[in-house]
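Asker: let's see this in three dimensions:
(chains A and B)
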Amino acid sequence: DVKVTQSSRYLVKRTGEKVFLECVQDMDHENMFWYRQDPGLGLRLIYFSYDVKMKEKGDIPEGYSVSREKKERFSLILESASTNQTSMYLCASSPAGQALGSYTFGSGTRLTVV
Amino acid sequence: GNSVTQMEGPVTLSEEAFLTINCTYTATGYPSLFWYVQYPGEGLQLLLKATKADDKGSNKGFEATYRKETTSFHLEKGSVQVSDSAVYFCALSDRSYIPTFGRGTSLIVHP
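Answerer: Modelled structure (predicted):
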């Protein structure tokens, strides 16, 4: 069964900590995405990557960075966590050249920054 | 730019009731349209899709028809079950592989 795996379901971190959220896919997909999901705001794209070592900013990249050293892994980094980054984070992947509909989502990481 | 507007929730229904969740969109060109569902504690799953005007997507008893003249893609189900309780997202995708999502509509079905 193909899947996107996010390393943690729940995470609690302190303000100012550097936080790593990991995402691994086993489908050999070229494209990978990080979203945050907040009530009333839906999904907002943080960063995406269409190839190893490539990254593009999404709609809300401030306060975040990403790393894609291997095709199957896409990491989201909160350089200095703040309480307004408390949210649900969703990772997704898709094959190259294919529109939405070929997306596979992970189960999400609920991050609380205290 | 592209945008997707969904009706605000929550939508609360009794089991076996008829469901409609409205979705309208703004896009240049001819996008593909999608409905995704998110069950509690899980990520999003593709529910159905339609890639051109007048196409009807269907899955698990849910249906939606791509209406170009009204720029709509409303989700319907004839008889909902408690297990359909979830958040439903309407989305579109054009030539880019970056989709535009609506804000989601929560559905609560009571026995």
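Asker: what residues are up against the residue positioned nearest the centre of chain A?
Answerer: Compute the mean C-alpha point of chain A, and by C-alpha atoms, centre = their mean the closest residue is residue A:34, 2.8 Å away. Contact analysis of residue A:34 by C-beta atoms under 8 Å, 6 or more residues apart in numbering or on different chains lists A:21, A:23, A:45-48, A:58, A:64, A:66, A:74, A:76, A:89-91. Just so you know, the C-beta spots here come from the backbone N, C-alpha and C atoms, and that holds for glycine as well.
Asker: what residues are up against residue B:16?
Answerer: Going by C-beta under 8 Å, 6+ apart, residue B:16 touches B:79-81.
Asker: where in chain B is pLDDT low?
Answerer: Where chain B drops to pLDDT under 70, the residues are B:96-97.
Asker: that one: strands as residue ranges?
Answerer: B:3-6, B:11-14, B:19-21, B:23-26, B:32-38, B:44-50, B:56-59, B:62-65, B:75-77, B:86-93, B:100-101, B:105-110 (DSSP state E).
Asker: check contacts around the nearest residue to residue A:38 once chain neighbours are set aside.
Answerer: With sequence-adjacent residues excluded and distances taken as C-beta to C-beta, 6 or more residues apart in numbering or on different chains, residue A:38 is closest to residue A:87, at 5.5 Å. Residues in contact with residue A:87 (C-beta under 8 Å, 6+ apart) are A:36-38, A:110-111.
Asker: which of those residues are buried?
Answerer: Buried by 16 or more other C-beta atoms under 10 Å in any protein chain shown: A:36-37, A:110-111, out of the contacts of residue A:87.
Asker: what residues does chain B put near chain A?
Answerer: When proximity is defined as C-beta under 8 Å from any C-beta of the partner chain, chain B approaches chain A at B:32, B:34, B:41-46, B:49, B:89, B:91-99, B:101-104.
Asker: and the residue nearest to the centre of chain A, helix, strand or coil?
Answerer: Three-state assignment for residue A:34 (DSSP: H, G, I helix; E, B strand; the rest coil): strand.
Asker: measure it to residue B:59 for me?
Answerer: Computed as C-beta to C-beta, to the nearest Å, the residue A:34 to residue B:59 distance reads 27 Å.
Asker: thanks a lot, catch you later.
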